[in-house]
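Enquirer: With the sequence up front, the predicted model follows.
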Amino acid sequence: MTKNKRRKRILFVCIHNSARSQMAEAMVNNLWGERFEAISAGFSPAPLNPLAIEVMQEWNMDISRKQSQSVFELFRKGQLVDYVITVCDEAGAEQCPVFPGITRRLHWSFPDPALFGGTHEERLHEARILRNSIKARLEEWMGQLED
């Protein structure tokens, strides 16, 4: 990357900004941070999901100190981003405001770990599948962006 080329900004959005969007943000900043800057937000911010924290820690990505933030607050502040990627269900994606200067809006539907049932180990297993699915989707997308 040349010195004058700025990193593209990606905003990941989900309902609570407590798991899916936080996981995607951490992956982009850790794995593709030389090309992209990721941020995340939610429609109704809530505390981080402990399952998300645990599975990301398995990959040495500490999201435990992250704070959920409102997508509407980012919109009001006039945040400029190159991509908005919603990672919630279809109904949630429809709530997303249109950001100024956006060049692309994408939707990737992933299950909400707050709805996972069973024992802790069963929910953790589902959270690992979610984490791996998000990473696979990011890798696929990053591959499409390269010339």
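Expert: Nice, thanks for sending it over. Just so we're clear, the structure is a prediction, and the values are computed from it rather than from any experiment.
Enquirer: Quick check: residue 120 vs residue 126, distance?
Expert: 11 Å (Cβ to Cβ, to the nearest Å). Using the backbone N, CA and C atoms, a C-beta is placed for each residue, glycine as well.
Enquirer: Show me which of those two is the more surrounded one.
Expert: Using other Cβ atoms under 10 Å as the criterion, residue 120 and residue 126 rank with residue 126 on top: 18 against 10.
Enquirer: now the helix or strand hosting that one, how far from the chain's geometric center?
Expert: Per DSSP states H and E, residue 126 falls inside helix 120-145. From the chain centre to the centre of helix 120-145 is a distance of 11 Å (Cα atoms, centre = their mean, to the nearest Å).
Enquirer: can you check stretch 20-40 too?
Expert: 7 Å.
Enquirer: Output the below-cut-off pLDDT ranges for this structure.
Expert: 1-4, 89-103, 146-147 (pLDDT under 70).
Enquirer: and the gap between residue 48 and residue 139?
Expert: In terms of Cβ to Cβ, residue 48 sits 24 Å off from residue 139.
Enquirer: Neighbour count for the two, which is higher?
Expert: residue 48 (19 against 13).
Enquirer: pretty sure that one is touching residue 69, no?
Expert: No. The criterion here is Cβ atoms under 8 Å, and residue 48 misses it with residue 69 at 11.6 Å.
Enquirer: Going along the chain, name the strands of the chain.
Expert: 8-14, 36-42, 83-86, 104-107 (DSSP state E).
Enquirer: need those in TSV with mean neighbour count and distance to residue 20, can you?
Expert: Shown next, in TSV, are these (neighbours: other Cβ atoms under 10 Å; distance: least, Cβ to Cβ, whole Å):
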stretch	mean neighbour count	distance to residue 20
strand 8-14	25	5
strand 36-42	22	9
strand 83-86	24	9
strand 104-107	14	12
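Enquirer: This completes my enquiry, with thanks.
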